[in-house]
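Asker: how would this look folded up:
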Amino acid sequence: MTKSVLLNILKKKEFCKATTLILLIYGFFSCSKSVAPPEPIYPLPSEKQLAWHELEMYAFIHFTTNTFTDLEWGYGDEDPNVFNPGPEFDPNQWAKVIKDAGLKGIVFTCKHHDGFALWPSKYTEHSVKNSRWMNGKGDVVRAVSDACKKYGLKFGVYLSPWDRNRADYGSPSYVEYYRNQLKEVFTLYEPVFEMWFDGANGGDGYYGGAKEKREINTGYYNWPETIDLVEELEPEIILFSDFGPDVRWCGNEEGYAGDPNWSMINKDSIEKKLITGKEKKAYLNKGRPYGTSFIPAEVDVSIRPGWFYHANEDTQVKSPEELFDIYLTSVGRGSNLILNIPPDRRGLIHENDVASLLKWKELINERFASNLVGQGKISVSSYRGGKDTYSAQKMVDENKDTYWATDDGVQKGIIEIEFPEDKKISYLLIQEYIRLGQRVKQFNVEAWEEDKWVEVGNGATIGYKRIVRLNSPKLTKKIRINILDSKTCPLISNIEIY
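Answerer: Here you go, the predicted structure:
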C-alpha cells in the first residue's frame, strides 16, 4: 500500500477512527518495508579479478637476445654474449615513460622461447650471467622490478614454458627445471601481480644441439600442479593463459575485444580442445553469456608491428590516435589492455615510442577531462521497489559499491539525463555492478534532436566498463541509455558523460 492510496482512504468519512488508525499503522509499515537486493547471477568475479580490472592498462616489455639478433623467436643457440645493451641501459626510463603514459604496471619477459634467462639463474648456463654485459654481474629482472617499485608500478612476469635451448625439453626433468625457475623468480623479485603463460609450446629448436622438432601433449606441464605452485608463492597473483584460470586471451593480437565481450567462458571447451583454430579465437574474443567460469579477456597488442625492437620499424610506431582507438576497443569494451613497448638495443624505449605514448595520454586526458553528468538531472523508467537504495542517483554518486537496479523480472530500462542547456557530447562511459554478475545483453544511446530521439550509439555487453563513442559529437539537451535486454534485472553502478 502506497502513501497516496493511504491518504485517499483517510479522506473517506465512512471509515471509523479505529479502522483509520489500523490502516495508518499498516500503511506506513508497508511503505518502510525493506527491499531485498538483487540475487547474484553466477559465475562471479573473485576479489583479485575485481582488483585486476581496476588496473585497466599496463605494459608488456619484450627485451632479450632477440633485440640484438633482430629476431622475434630465438632458436635457443644464441651466444650469451650477444646480449649487450649499451651504457644507456635504464629500466627507470622505461618505468617513467610507462607511468607518464598512464599505464599501471609492467609484465616483463624474464625468459622467452629461446630460454635465455635475464637474471643470473642458478639452473641454467643460458643466462645473462654468462654475458659480457656488466661482466656477467647484470640482472635485468632485478633492474625492472626495482624500477617498478620506484615509480609505483605493478610488476609482472612472463616465463615461456617452451624452451628451445634446453636439451631435456619434452622430458619430465624439464618440467622440474621450469618450476625451479618459477620458484627462483617469485622468491627473488616479489611481489608479482600477473604471470603470463604463453600459448606457444613445442616445435623446432636447438635443444642442446639436437636441432630437431619436438611435439608435446597438453598434459606435459601438468598445469594444475604448476598453477598451484605459483599461487602458493603469490596467493593474490593473476594468472593469464589462453583460458585462464584468472584471465583469458582475447583471441587476437590486434588490440580489440569483441562486442559482445562476455567475461564468462566454458573453460572445458578450450582446455579439452573441443574448440580450436579460428573458432577458438572467435570464442575467446566474445566469451559466452552463460559460460560456467568468470575469466575476463585481456587485450594484448604491440605498439610496433613486432614484439621485440627492430630498427626498421622505427617509422611504424602506432600513432596516438591508433592507440586511442585501441583504448576504446579494449578498456572501452570491458577488458584490460596490455600494451607491448619494446626497448631498443641501447636499453631505452625509443624516442618515437615515447612521443606517441605521451601524446596518447594527452588525448585521453583531453577527451575525458570534464564529466558533464553532474550538470544534468538523471531519471530512470523505474527502480527497485521504489527505494532510494537503488535509485538513479546511485549511478552518479561516485561510489562504486552502489547501483541502480530494477525489480526482478524487469530486464529493460531507460536512463535519461537532461541538461538545463545544450551540451556537446562525444562519449558515454557506463559500468555494471559486476560483483553480482555480468548482465546486460543489448543497449543503445539516443540523443534528443529536433524534438525526437535519434540513436547515436549502441552495443551489446557493458561489463566492468563500456565507453561509447557517439556516431558524431552531438549538441543536445537530453541523452538517454536504453537497456534493451539483460539476462536478469540490470545493475548499473556508474555513468559518465564527456
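Asker: before we move on, what SS does residue 394 have?
Answerer: Put simply, residue 394 is helix when judged by DSSP: H, G, I helix; E, B strand; the rest coil.
Asker: Spit out the contact partners of the spatially closest residue to it that is not a sequence neighbour.
Answerer: The spatial neighbour of residue 394 that comes closest, neighbours along the chain excluded (Cβ to Cβ, 6 or more residues apart in numbering), is residue 402 at 4.1 Å. (Glycine included, C-beta is placed from N, CA and C.) Residue 402 makes contacts with 389, 394, 493, as judged by Cβ atoms under 8 Å, 6 or more residues apart in numbering.
Asker: Tell me the spacing between the second one and residue 287.
Answerer: Pointing back at residue 394 there. Separation of residue 394 from residue 287 (Cβ to Cβ, to the nearest Å): 27 Å.
Asker: neighbour count winner among the two?
Answerer: In this view residue 394 and residue 287 are compared by other Cβ atoms under 10 Å, and residue 287 has more residues nearby, 28 against 23.
Asker: gap between the residue nearest the centre of the chain and residue 464?
Answerer: Residue closest to the mean C-alpha point of the chain, counted by Cα atoms, centre = their mean, is residue 336 at 1.8 Å. Using Cβ to Cβ, residue 336 is found at 9 Å from residue 464.
Asker: hang on, residue 425 is in a strand, isn't it?
Answerer: Yes: under three-state DSSP, residue 425 sits within a strand.
Asker: could you pull out the helices for the stretch 201-350 of the chain?
Answerer: Applying DSSP state H, counting those that start in this stretch to the stretch 201-350 of the chain gives helices spanning 223-233, 267-271, 277-286, 320-329.
Asker: Can you give the contact residues for the third one?
Answerer: With Cβ under 8 Å, 6+ apart as the test, helix 277-286 has contacts from 242-243, 248-252, 256-262, 265, 269-270, 275, 297.
Asker: hey, where'd the helices end up in the stretch 51-200 of the chain?
Answerer: Counting by DSSP H, counting those that start in this stretch, the helices of the stretch 51-200 of the chain are 65-69, 91-100, 140-150, 172-188.
Asker: so what does the second one touch, helix or strand wise?
Answerer: The reference is to helix 91-100. With contacts taken as 3 or more Cβ pairs under 8 Å, 6 or more residues apart in numbering; DSSP states H and E, helix 91-100 sits against strand 57-61, strand 105-111, helix 140-150, helix 351-367.
Asker: so where's this protein shaky on pLDDT?
Answerer: Where the chain drops to pLDDT under 70, the residues are 1-33.
Asker: per the record, what domains does it have?
Answerer: The record's domain split for the chain, according to automatic domain parsing, is 1-33, 47-367, 373-497.
Asker: what's the spacing between the longest one and its chain's center?
Answerer: Distance, stretch centre to chain centre, for domain 47-367: 14 Å (Cα atoms, centre = their mean, to the nearest Å).
Asker: For the residue lying closest to residue 98 once chain neighbours are set aside, grab the count of nearby residues.
Answerer: The shortest distance from residue 98 to any non-neighbouring residue, by Cβ to Cβ, 6+ apart, is to residue 59 (4.7 Å). Per other Cβ under 10 Å, the neighbour tally for residue 59 reads 27.
Asker: try residue 406
Answerer: Residues near residue 406, counting by other Cβ under 10 Å: 24.
Asker: what do you get for residue 80?
Answerer: 19.
Asker: Hmm, residue 130 and it touching each other?
Answerer: Yes: at 4.2 Å, residue 80 and residue 130 qualify as touching, with contact defined as Cβ atoms under 8 Å.
Asker: coming back round to it: which among the contacts of helix 277-286 end up buried?
Answerer: 242-243, 248-252, 256-262, 265, 269-270, 275, 297 (16 or more other Cβ atoms under 10 Å).
Asker: ok, back up a step: to residue 39, which of the domains of the chain lies closest?
Answerer: Ranking these by proximity to residue 39 (Cβ to Cβ) places domain 373-497 first, at 7.7 Å.
Asker: Can you give me the end-to-end span of the closest one?
Answerer: 5 Å (Cα to Cα, to the nearest Å).
Asker: If you count neighbours, what's buried in stretch 223-232?
Answerer: Buried, per 16+ other Cβ under 10 Å, within stretch 223-232: 223, 226, 227, 230.
Asker: quick one: which helix or strand includes residue 482?
Answerer: If you go by DSSP states H and E, residue 482 is part of strand 466-486.
Asker: Identify the neighbouring strands of that strand in the sheet and state each direction.
Answerer: strand 413-432 (antiparallel), strand 440-449 (antiparallel) (DSSP bridges).
Asker: gap between that strand and the chain center?
Answerer: 23 Å.
Asker: Report the buried residues of stretch 269-280.
Answerer: 269, 270, 275, 280.
Asker: Let me fix that, I meant to ask about stretch 198-208.
Answerer: Within stretch 198-208, the residues scored as buried using 16+ other Cβ under 10 Å are 198, 201, 202, 205, 206, 207.
Asker: for these, which one is nearest residue 293?
Answerer: Once Cβ to Cβ is applied, the member of those that ends up nearest residue 293 is residue 198, at 20.6 Å.
Asker: The closest one against residue 157, yeah?
Answerer: No: applying Cβ under 8 Å as the test, residue 198 and residue 157 come out as separate, 11.8 Å apart.
Asker: Run through the bridge partners of the residue nearest to the centre of the chain.
Answerer: Following DSSP bridges, residue 336 is listed with bridge partners residue 298.
Asker: Kindly confirm my reading that residue 457 is in a helix.
Answerer: No: Residue 457 is assigned strand when assessed by three-state DSSP, not a helix.
Asker: what sits against it?
Answerer: Counting by Cβ under 8 Å, 6+ apart, residue 457 makes contact with 428, 444, 445, 468, 469, 470, 471.
Asker: buried subset of the residues you listed?
Answerer: Burial by neighbour count, judged by 16+ other Cβ under 10 Å, picks out 428, 444, 445, 468, 469, 470 from these.
Asker: Grab the nearest non-local neighbour of the last one.
Answerer: To tie it back to what came earlier, the one meant is residue 470. Here the residue nearest residue 470, using Cβ to Cβ, 6+ apart, is residue 456, at 4.5 Å.
Asker: residue contacts, that neighbour?
Answerer: Contacts for residue 456 were tallied using Cβ under 8 Å, 6+ apart; they are 445, 446, 447, 470, 471, 472, 474, 479.
Asker: cool, and residue 89?
Answerer: Counting by Cβ under 8 Å, 6+ apart, residue 89 has contacts 143, 346, 347, 348.
Asker: got those residues as CSV, with neighbour count and distance to residue 189 columns?
Answerer: Below are these laid out as CSV (neighbours: other Cβ atoms under 10 Å; distance: Cβ to Cβ, whole Å):
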residue, neighbour count, distance to residue 189
143, 20, 10
346, 16, 23
347, 21, 18
348, 20, 22
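Asker: With respect to residue 101, which of those residues is nearest?
Answerer: For these, the minimum distance to residue 101 (Cβ to Cβ) is 14.9 Å, reached by residue 348.
Asker: Go ahead and confirm that closest one touches residue 88.
Answerer: Yes: judged on Cβ under 8 Å, residue 348 makes contact with residue 88 at a distance of 5.6 Å.
Asker: name the element the residue nearest to residue 394 belongs to?
Answerer: Short version, using DSSP H and E: residue 402 is in no helix or strand.
Asker: measure it to residue 388 for me?
Answerer: 10 Å.
Asker: got it, and residue 345?
Answerer: 61 Å.
Asker: what about the two, which has more around it?
Answerer: Per other Cβ under 10 Å, whichever of residue 345 and residue 388 has more neighbours is residue 345, with 17 against 10.
Asker: This completes my enquiry, with thanks.
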